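Chemist: this one's sequence-less:
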């Protein structure tokens, strides 16, 4: 849903998943949860706002 709303590319989608995996690892979680994905999307949104 975030990919469609933010008009992100497939590459951005993959990067969000990678960041979500990293966030889950830092949280010592075996699986990526919705909160990890939400945090990764927020990082992406922050990045887009900073560079545009």
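Modeler: Received, thanks. Bear in mind that the values here come from a model prediction, so they are computed numbers and not experimental data.
Chemist: mind listing the helices for this protein?
Modeler: In the chain, the helices defined using DSSP state H lie at 2-5, 10-26, 34-51.
Chemist: Same list as before, those that is, but in TSV and with mean pLDDT included.
Modeler: Below are the helices of the chain laid out as TSV (pLDDT from 0 to 100):
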stretch	mean pLDDT
helix 2-5	82
helix 10-26	94
helix 34-51	80
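Chemist: possible to save those helices as TSV with mean neighbour count?
Modeler: C-beta coordinates here come from the backbone N, C-alpha and C atoms, glycine included. Supplementary listing: these in TSV, determined by neighbours: other C-beta atoms under 10 Å:
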stretch	mean neighbour count
helix 2-5	11
helix 10-26	15
helix 34-51	14
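Chemist: list the contacts for the closest residue to residue 13 other than its chain neighbours?
Modeler: Spatially, and ignoring its direct neighbours in sequence, residue 13 is nearest to residue 3 (5.1 Å; C-beta to C-beta, 6 or more residues apart in numbering). For residue 3, the contact set (C-beta atoms under 8 Å, 6 or more residues apart in numbering) comprises 12, 13, 16.
Chemist: thought the last one was touching residue 39?
Modeler: It refers to residue 16. No - at 10.0 Å, residue 16 does not count as touching residue 39 under the criterion of C-beta atoms under 8 Å.
Chemist: related to what we said a few turns ago, looking at the contacts of residue 3, spot the one nearest residue 31.
Modeler: residue 16 (16.1 Å; C-beta to C-beta).
Chemist: what's the nearest residue to the closest one if we skip its chain neighbours?
Modeler: residue 40 (4.8 Å).
Chemist: Right, I'll leave it there.
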